[in-house]
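Undergrad: Return a 3D structure for these sequence lines:
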Amino acid sequence: MTAIGVWLHVVVPILLVALLARALWVIVAVEVCARWLLTAPAPTGTDRSQAPWLVILLPMLREQSVAPETIAAFTALEYPHGRAAVVVITTERETTARARHRSQLPALAAHQPLRAEHLRGIFPATRCRAVAEDVSAAPPNDHLAILAERFDAEPTTAEVVAALTADQPANRLPLVHLHQPDVGGRKAGQLNFALDHLDQVLGPLGWHDTDDTNSTFAVVYDADAIPDARTLHAFANAVATRIAHTGTTPALIQQQRLPLLGRRPFPNGPIGLLLTGEWAYQLRRSLGIELARIRLHAYLFSSPLPPWLRTWLRPMVYAVGCGMAVHLPTIRALGGFPEPMEDLGTGHRLSLLGAQLTATTVAVLDEPYTEPTGLANLHALAFTASARPDRHAQAVAHLPATISRPAKALLITREWADEAAWLIGAPLAAAAVACAWWAGPQWVAIAVLGILLHGPLLTARLLALAPVLHAAVRPPRSADRLPLASPRHPVAVIAASPLQPFVRMAGPWKLIFRKVTRRHRGFGKTER
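TA: Below is the predicted model:
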């Protein structure tokens, strides 16, 4: 058989069957997980004597605009008095960067017109558009003065949080502000700084390291998140349920992140359409991959299935650093949260140890990406954190594991296959679809069905699920009615959905190109 024959009659059919199988798996997983979130029993109240210690960690960098709302929401969460605290970790890196950014103002003021993307990383993301519009509307000779005035008037996140900490309302969870020195690093470094100061955070509540570590969880969130009011009770219920079923405390409990908080609209035009499509894709991933995998992992942990079958079914879990609760002895055994992404790294390492992982039945809302640069940076960073699972295996090789070495090797191989599919899966699938007619008429039908299920049909279902899932999140009493992220043109988003896998390739390939050309200078904050 010639090379063309092998491609048409072997490779193309395999790729089309894989496309259809993946589409069927994801659409079923999305539906099952969405129904689980919507129909699960409400969390019950937690008796203080049985309530685990929960320390809520909110690392913040240039989050002046959302810090008050976020802090108000988390300190209003329901939980037995004296068993939880909210910690906001700011960093001196923000202050250090301000001096550098101020020297850039003359060059920025020279832009005609000044656009919001020019100010990304210099002003908080939610303020960039307003500042750019104010400057552009003024006479050119006044641009620098107005820009400098707006810059100097912007308080640092640390200043905002310090003021909120000094004026805490009564009947709320205690709020503690920690300020990290400028020691480099990312979100993981801020989290590890907080773990080193738990005595300062929980000590005033009666917590003792030697006595209470085993009943303590560090709960990580993004700075723009709004949790369900029942969140902490849901974590406590998850701990009690897993202990009752397995006799052991879970190493990680994942609250599902739903990117449905629409504080800012998606932009107009093709860029807005692609970003809206990515929002739908993020929701699909949240339900059909992240939640589906952690639920499958939890089932297999204590399943009566034969060991060989559990080995083949066991997934690599993608933990999410917005609603991730990690057992304190576990994260200490791991040596802290890993760089560059504290969540993917933690999930990978615990998966490779065969640790007990589970999910809660209530969700947390955060914002989707409404700007392409931040989205590409996120994808590049996620690819970097996931691309070397062998390094995660080496990092935990000294720790006891409940799975065999072949099971670890299989997880690593699967992760490499996922990364390869991320880089080249979309072009290969597109080539197979384009050649389906020459492979045979039956393959055309499979190609069309795979595309429809993987793209338009699933996207239409996600758009229908979004308001239902959003409404199921009960905000804390401090939060106003939460805005719902929604598409400007739903029909266009559905029609363009087959293109979305190509959009997700941009970040990793841009990263690879910059590393090959030695132009990559590291990652900054992943701005939304």
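Undergrad: For R264, which non-adjacent residue is spatially closest?
TA: Spatial nearest neighbour of R264, excluding adjacent residues (CB to CB, 6 or more residues apart in numbering): T370 at 5.0 Å. No exception for glycine: its C-beta is placed from N, CA and C like everyone else's.
Undergrad: Verify the stated contact: that neighbour with I271.
TA: No - using CB atoms under 8 Å, T370 is not in contact with I271; the gap is 9.7 Å.
Undergrad: sorry, back to before: my reading is that the residue nearest to R264 is in a helix; is that accurate?
TA: No - per DSSP: H, G, I helix; E, B strand; the rest coil, T370 lies outside any helix segment and is coil.
Undergrad: Distance of it relative to A223?
TA: 16 Å (CB to CB, to the nearest Å).
Undergrad: now swap in L452 and tell me
TA: Distance, L452 to A223, by CB to CB: 38 Å.
Undergrad: Looking only at neighbour counts, state which of the two leads.
TA: A223 (22 against 14; other CB atoms under 10 Å).
Undergrad: Spell out which helix or strand contains the more buried one, please.
TA: Assigned by DSSP states H and E, A223 falls within no helix or strand.
Undergrad: from what I can see it touches S65, true?
TA: No - look at A223 against S65 with CB under 8 Å: they stay out of range, at 9.9 Å.
Undergrad: if we can go back for a sec, the residue nearest to R264: what's it in contact with?
TA: Residues near T370 by CB atoms under 8 Å, 6 or more residues apart in numbering: 264-267, 275, 528.
Undergrad: Just the closest of those residues to M316, please.
TA: The nearest member of these to M316, counting by CB to CB, is R528 at 25.8 Å.
Undergrad: per-residue pLDDT, that closest one?
TA: pLDDT for R528: 63.
Undergrad: same check, this time on P441
TA: Value listed for P441 in the pLDDT field: 90.
Undergrad: now the one 5 residues further on
TA: Here the pLDDT value assigned to I446 is 95.
Undergrad: Kindly report the same for the one 10 residues further on.
TA: The model reports P456 with a pLDDT of 96.
Undergrad: Let me know the secondary structure of G82.
TA: Applying three-state DSSP: G82 is coil.
Undergrad: what's the nearest residue to it once chain neighbours are set aside in contact with, if anything?
TA: With CB to CB, 6+ apart as the criterion, G82 has its nearest non-adjacent residue at 4.8 Å, and that residue is L205. L205 sits next to 82-83, 85, 174 when contact means CB under 8 Å, 6+ apart.
Undergrad: how about those, which pair is most distant?
TA: R83 and P174 (10.7 Å).
Undergrad: When those two are compared, which one has more neighbours?
TA: Higher neighbour count among R83 and P174: R83, with 24 against 17, using other CB under 10 Å.
Undergrad: where does the stretch 151-300 of the chain dip in pLDDT?
TA: By pLDDT under 70, the stretch 151-300 of the chain has no low-scoring segment.
Undergrad: could you pull out the helices for it?
TA: 157-166, 187-195, 198-202, 209-212, 231-246, 269-285, 292-301 (DSSP state H, counting those that start in this stretch).
Undergrad: just the strands in this structure please.
TA: 53-59, 84-91, 175-180, 216-220, 226-227, 252-258, 324-327, 357-365 (DSSP state E).
Undergrad: any chance of the ones you listed in TSV, with mean neighbour count and distance to R310 too?
TA: Output for the strands of the chain, formatted as TSV (neighbours: other CB atoms under 10 Å; distance: least, CB to CB, whole Å):
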stretch	mean neighbour count	distance to R310
strand 53-59	25	31
strand 84-91	26	35
strand 175-180	20	41
strand 216-220	25	26
strand 226-227	27	33
strand 252-258	26	18
strand 324-327	26	22
strand 357-365	24	14
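Undergrad: which stretch among the ones you listed comes nearest A506?
TA: Closest among those, once you apply CB to CB, is strand 252-258, at 22.2 Å.
Undergrad: Which elements pack onto that closest one?
TA: helix 231-246, strand 324-327, helix 342-353, strand 357-365 (3 or more CB pairs under 8 Å, 6 or more residues apart in numbering; DSSP states H and E).
Undergrad: ok, G277 - contacts?
TA: Applying CB under 8 Å, 6+ apart, the residues near G277 are 459, 493, 496-497, 499-500, 503.
Undergrad: Give me the neighbour count for P427.
TA: With other CB under 10 Å as criterion, P427 counts 12.
Undergrad: Also the one 4 residues further on?
TA: Neighbourhood size, A431 [other CB under 10 Å]: 14.
Undergrad: Which residues are in contact with it?
TA: So A431 contacts L15 (CB under 8 Å, 6+ apart).
Undergrad: what does the one 4 residues further on give?
TA: For C435, the contacting residues are 7-8, 12, taking CB under 8 Å, 6+ apart as the criterion.
Undergrad: try 6 Å this time
TA: When contacts are counted by CB atoms under 6 Å, 6 or more residues apart in numbering, C435 touches V12.
Undergrad: and what of the one 4 residues further on?
TA: Contact partners of A439, counting by CB under 6 Å, 6+ apart, are 8, 12.
Undergrad: next one: F217
TA: If you count contacts by CB under 6 Å, 6+ apart, then F217 has 52, 54, 325, 327 around it.
Undergrad: contacting residues around the nearest residue to it once chain neighbours are set aside?
TA: Using CB to CB, 6+ apart and skipping residues adjacent in sequence, the residue nearest F217 is A325, 4.5 Å away. Contacts here follow CB under 6 Å, 6+ apart; on that basis A325 touches 217, 219, 235, 253.
Undergrad: ok, of these, which one's closest to L411?
TA: I253 (20.5 Å).
Undergrad: pretty sure the closest one contacts N237?
TA: No - in this structure, I253 is not within contact of N237 by CB atoms under 6 Å, at 9.8 Å.
Undergrad: leaving aside the residues next to it on the chain, what's closest to R504?
TA: H379 (5.8 Å).
Undergrad: F301 too?
TA: Q356 (5.2 Å).
Undergrad: contacting residues around that neighbour?
TA: Counting by CB under 6 Å, 6+ apart, Q356 has contacts 248, 250-251, 301.
Undergrad: In PyMOL, how would I select the buried members of the residues you listed?
TA: The PyMOL command for the buried members of those (criterion: 16 or more other CB atoms under 10 Å) is given here:
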select buried, resi 250+251+301
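Undergrad: list the contacts for the nearest residue to F337 once chain neighbours are set aside?
TA: Computed as CB to CB, 6+ apart, the closest residue to F337 that is not its neighbour in sequence is A188, at 4.1 Å. A188 sits next to 337, 339, 342 when contact means CB under 6 Å, 6+ apart.
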